[in-house]
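Novice: with the input below, show me the fold.
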Amino acid sequence: MATPSRHGGGDLVICIFLAIAPLTTAIGVNYGTKGDNLPPPATVAAFLANRTIIDRVKLFDNNPEIVRAFAGTGISVMVTAANGDIPSLATKEGATAWVAANVAPYYPATEISLVAVGNEIMDTADQNLIGNLVPAMRTLKAALVAAGYRRIRVSTPSSLGILVDSQPPSATRFRDGWDAAVFAPMLQFLRRTSSPLVVNAYPYFGYNGDTLPYALARPNPGVLDAGTGITYTSMFEAQLDSVYSAMRKLGFEDVEILVGETGWPTKAMDGQVGVSPAEAAEYNRYLIGEVSSGSGTPLMPKRTFETYIFALFNEDLKPGPVAERNFGMFQPDLTPMYDVGIMKDPVKTASAHDSDAAAPPEENGSSSATATAPAPPEDRSSAATSPAPSEDESTDKTLEEAEGGEAPSSPKSESAAGNSLEDDNSSKAAAKV
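Specialist: Numbering: from 1, shown residues only. Next up is the predicted model:
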């Protein structure tokens, strides 16, 4: 299966809290806007606030209409600085101007919780962006602190293409060159500022017909990690433990992991096994239960993971394979495609009215499809070595004042001034586990 090209500008992520889950556990869903039939942001914001148990949103740009739509809703928002902004953000003047234009006009009316610096920068193989990534994160954090927005966190999403030797998890490490030059200083920054490492983990991009039960965490023989003696029965857990192992090799196993994207499509190319509303609902139900349970993973027991499902809507204008346009959990009229327990009131799902939709599988059952899925995609991320980021002394001084390890809290307790990002397309390199 070719690796689809993922999100352009205009995507955002919405966080769903389960009533039965611990209050600290967040489940999210990406809200992409590459469609010609989608409801306006104000309608979406009102729907999420009033009809669902969602209370967090993440934008992959900083569309002013969308940011304003969530003002006063109680839904917190992550915003993203565009890939092309990174060199400027590595300068004090550029970071200060970005905060003035993209945070100050909205905060705290809109509760901005985190700024993502670009999206999957390592996959771009752009050495200017890669070399400036960590300096931009530092300088932007310093600018936020200087403006009085101390509790707004800073991070950057990465695909699993940042890893090598992803099988078994215990052998995984960050790519050579990136480990010392990029990820060691990045993880140090994230630790010092109590911010998460954001990774995008998709079992969907790593399965084939034989490994579908493993990808969907159905009963299966499992995959043995001889290095630890652990047998994994969930590809998602193995992916998270692969990230953890790479972090541990650098001495940063205590840094929080946030899953920025994961999901399963309802439709793909003809004959592909394991893709229908039934499998999408099955995966997302498993995911919600897994990350909300507090059980963690074999290498990270009792951890919870803030996790964002892709996606809120199907997006008919997206290029690439059929599946890329069919990850949505809701129809444009906001009817659920399938039920995963995120609505405040029970409603009929779109698939219940769709004669072509697959019936939900029996519990722990397998799909009735018989065609063989294509082989998992190759890891398409670049292994190029980037230069070590330079330190900015004035930025570090401001950061030292900012860093106290406190957990982020509601921005309503902070002072802020008052009440607009270009599209950035980055290709998705999904590493197979």
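Novice: for the rest of this, base every contact and every neighbour count on C-alpha atoms.
Specialist: Will do.
Novice: tell me where the stretch 101-250 of the chain has helices.
Specialist: In the stretch 101-250 of the chain, the helices defined using DSSP state H, counting those that start in this stretch lie at 127-146, 178, 184-192, 212-215, 235-249.
Novice: using CSV, list the CA coordinates for stretch 195-213.
Specialist: Output of stretch 195-213 as CSV, limited to C-alpha atoms (Å, rounded to 0.1, in the frame of the first residue of the first chain):
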residue,chain,number,x,y,z
SER,A,195,5.7,19.3,27.1
PRO,A,196,5.1,16.0,25.2
LEU,A,197,6.8,14.3,22.3
VAL,A,198,4.1,14.2,19.7
VAL,A,199,4.1,11.2,17.4
ASN,A,200,1.7,10.0,14.7
ALA,A,201,1.2,6.2,14.9
TYR,A,202,-0.9,4.3,12.4
PRO,A,203,-1.3,0.5,12.6
TYR,A,204,-3.4,0.9,9.4
PHE,A,205,-0.2,1.8,7.5
GLY,A,206,1.6,-1.3,8.9
TYR,A,207,-0.8,-4.1,8.4
ASN,A,208,-1.4,-6.7,5.7
GLY,A,209,-4.0,-9.4,5.3
ASP,A,210,-2.2,-11.7,7.7
THR,A,211,-1.6,-9.1,10.4
LEU,A,212,-5.1,-7.5,10.5
PRO,A,213,-5.9,-9.1,13.8
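Novice: list phi and psi for Tyr207.
Specialist: Torsion angles at Tyr207 (phi, psi; degrees, to the nearest 10) stand at phi -100, psi 160.
Novice: from Val273, how far out is it?
Specialist: Distance of Tyr207 to Val273, computed by CA to CA, to the nearest Å: 10 Å.
Novice: more crowded one of the two?
Specialist: Between Tyr207 and Val273, Tyr207 has the larger neighbour count (other CA atoms under 10 Å), namely 24 against 21.
Novice: closest to Arg303 out of the helices of the stretch 101-250 of the chain?
Specialist: helix 235-249 (11.2 Å; CA to CA).
Novice: which elements pack onto the closest one?
Specialist: In terms of contacts (3 or more CA pairs under 8 Å, 6 or more residues apart in numbering; DSSP states H and E), helix 235-249 is packed against strand 173-174, helix 212-215.
Novice: for stretch 246-258, which outside residues touch it?
Specialist: Stretch 246-258 is contacted by residues 163, 172-174, 179, 184, 187-188, 190-191, 194-199, 244-245, 305-307 when judged by CA atoms under 8 Å, 6 or more residues apart in numbering.
Novice: what of stretch 228-238?
Specialist: Against stretch 228-238 from outside (CA under 8 Å, 6+ apart): 169-170, 201-203, 214-225, 297-298, 433.
Novice: make TSV out of the helices of the stretch 101-250 of the chain and add mean pLDDT.
Specialist: Listed next are the helices of the stretch 101-250 of the chain as TSV, based on pLDDT from 0 to 100:
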stretch	mean pLDDT
helix 127-146	98
helix 178	97
helix 184-192	98
helix 212-215	98
helix 235-249	98
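Novice: wait, Arg303 sits on Tyr244?
Specialist: No. The pair Arg303 / Tyr244 is not scored as a contact, 11.7 Å apart, by CA atoms under 8 Å.
Novice: quick one: which of those two has more around it?
Specialist: Using other CA under 10 Å, the more surrounded residue of Arg303 and Tyr244 is Tyr244, with 23 against 16.
Novice: list the contacts of Val164.
Specialist: Contacts of Val164 by CA under 8 Å, 6+ apart are Thr172, Arg173, Phe174, Arg175.
Novice: so how far is Thr228 from the residue nearest to the second one when sequence neighbours are not counted?
Specialist: Among residues not flanking Arg173 along the chain, Ala246 sits closest, at 4.1 Å (CA to CA, 6 or more residues apart in numbering). Distance, Ala246 to Thr228, using CA to CA: 14 Å.
Novice: the two: which is more packed in?
Specialist: Per other CA under 10 Å, whichever of Ala246 and Thr228 has more neighbours is Ala246, with 26 against 13.
Novice: so how far is Leu160 from that one?
Specialist: Ala246 is 11 Å from Leu160, by CA to CA.
Novice: tell me which residue is most central in this protein.
Specialist: By CA atoms, centre = their mean, the mean C-alpha position of the chain lies nearest to Gly260, the distance being 1.0 Å.
Novice: stretch 284-302: end-to-end distance?
Specialist: For stretch 284-302, the separation between the terminal residues is 20 Å (CA to CA).
Novice: tell me the buried residues in stretch 221-231?
Specialist: Residues of stretch 221-231 classed as buried: Gly222, Val223, Asp225, Ile230 (neighbour count, 16 or more other CA atoms under 10 Å).
Novice: make that stretch 92-103, sorry
Specialist: Of all the residues in stretch 92-103, those buried under the rule 16+ other CA under 10 Å are Lys92, Gly94, Ala95, Thr96, Ala97, Trp98, Val99, Ala100, Asn102, Val103.
Novice: how about stretch 210-224?
Specialist: Thr211, Leu212, Pro213, Tyr214, Ala215, Leu216, Ala217, Arg218, Asn220, Gly222, Val223.
Novice: and for stretch 69-81?
Specialist: Residues of stretch 69-81 classed as buried: Ala69, Phe70, Ala71, Thr73, Ile75, Ser76, Val77, Met78, Val79, Thr80, Ala81 (neighbour count, 16+ other CA under 10 Å).
Novice: for stretch 350-365, what is the average pLDDT?
Specialist: Averaging pLDDT along stretch 350-365 gives 43.
Novice: revised request: answer the last question for stretch 327-344.
Specialist: Stretch 327-344 comes out with an average pLDDT of 90.
Novice: got the CA coordinates for that stretch in CSV?
Specialist: This file holds the C-alpha atoms of stretch 327-344, laid out as CSV (Å, rounded to 0.1, in the frame of the first residue of the first chain):
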residue,chain,number,x,y,z
PHE,A,327,-11.1,8.5,7.5
GLY,A,328,-14.1,10.5,8.7
MET,A,329,-16.1,9.7,11.8
PHE,A,330,-19.0,12.1,10.8
GLN,A,331,-20.9,13.0,7.7
PRO,A,332,-21.0,16.6,6.6
ASP,A,333,-24.5,16.9,8.2
LEU,A,334,-22.8,15.8,11.5
THR,A,335,-24.4,12.3,11.5
PRO,A,336,-22.0,9.8,13.0
MET,A,337,-20.6,7.3,10.5
TYR,A,338,-20.4,4.7,13.4
ASP,A,339,-20.8,4.7,17.1
VAL,A,340,-17.7,4.9,19.4
GLY,A,341,-19.4,6.6,22.3
ILE,A,342,-18.6,10.2,21.8
MET,A,343,-22.1,11.6,21.5
LYS,A,344,-23.9,13.0,24.5
